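Asker: task: produce atomic coordinates for the following.
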Amino acid sequence: MQIMGRFVLFTCMAFVTTFVGISWAMRGFPMTVSSSSPVGQLKPTLTASFGDESAKAYERKAWEAKHTLQSDKDP
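Answerer: Sure thing, here's the model as predicted:
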């Protein structure tokens with residue numbers, strides 16, 4: 001009798017799980033999204049393009065700043 005009870009229980013659990021899974025799939029697998037999402041809209045951070053001279057200008061400014069700091073000898 002105990003084996004039959006377990007079989008009925010597991011069979012019911014399998015049917016319920018299948019029903020919930022199919023219902024969820026038919027809705028397109030929706031996920032609840034909280035209103036205070038830590039991830040916002042992504043924005044590009046790189047504005048330079050291939051062959052752009054701004055990268056060279058940035059490197060030149062960085063080099064000048066580094067060498068200017070070295071010549072100051074001021075911590």
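Asker: quickly find the element holding residue 16.
Answerer: Using DSSP states H and E, residue 16 maps to helix 2-26.
Asker: just how off-centre is the next helix-or-strand element following that helix within its chain?
Answerer: Using DSSP H and E, the helix or strand that follows helix 2-26 in sequence is helix 54-72. Chain-centre distance of helix 54-72: 35 Å, with C-alpha atoms, centre = their mean, to the nearest Å.
Asker: can you mark which positions in helix 54-72 are buried?
Answerer: Residues of helix 54-72 include none that count as buried (16 or more other C-beta atoms under 10 Å). The C-beta positions use only the backbone N, C-alpha and C, and glycine is treated the same way.
Asker: and it, what does it pack against?
Answerer: Of the remaining helices and strands, none touches helix 54-72 by 3 or more C-beta pairs under 8 Å, 6 or more residues apart in numbering; DSSP states H and E.
Asker: pLDDT averaged over that helix, what's the number?
Answerer: Here helix 54-72 scores 78 as its mean pLDDT.
Asker: for it, output the C-alpha coordinates as PDB.
Answerer: Extracted C-alpha coordinates of helix 54-72, given in PDB (Å, rounded to 0.1, in the frame of the first residue of the first chain):
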ATOM      1  CA  SER A  54      42.100  61.200 -31.100                       C
ATOM      2  CA  ALA A  55      43.800  58.000 -29.700                       C
ATOM      3  CA  LYS A  56      47.200  59.400 -30.700                       C
ATOM      4  CA  ALA A  57      46.400  62.800 -29.100                       C
ATOM      5  CA  TYR A  58      45.300  61.000 -25.900                       C
ATOM      6  CA  GLU A  59      48.500  59.000 -25.800                       C
ATOM      7  CA  ARG A  60      50.500  62.200 -26.400                       C
ATOM      8  CA  LYS A  61      48.700  64.000 -23.500                       C
ATOM      9  CA  ALA A  62      49.300  61.000 -21.200                       C
ATOM     10  CA  TRP A  63      53.000  61.000 -22.100                       C
ATOM     11  CA  GLU A  64      53.300  64.700 -21.500                       C
ATOM     12  CA  ALA A  65      51.500  64.400 -18.200                       C
ATOM     13  CA  LYS A  66      53.800  61.500 -17.100                       C
ATOM     14  CA  HIS A  67      57.000  63.300 -18.000                       C
ATOM     15  CA  THR A  68      55.800  66.600 -16.500                       C
ATOM     16  CA  LEU A  69      55.200  64.900 -13.200                       C
ATOM     17  CA  GLN A  70      58.700  63.300 -13.300                       C
ATOM     18  CA  SER A  71      60.400  66.700 -13.800                       C
ATOM     19  CA  ASP A  72      58.500  68.300 -11.000                       C
END
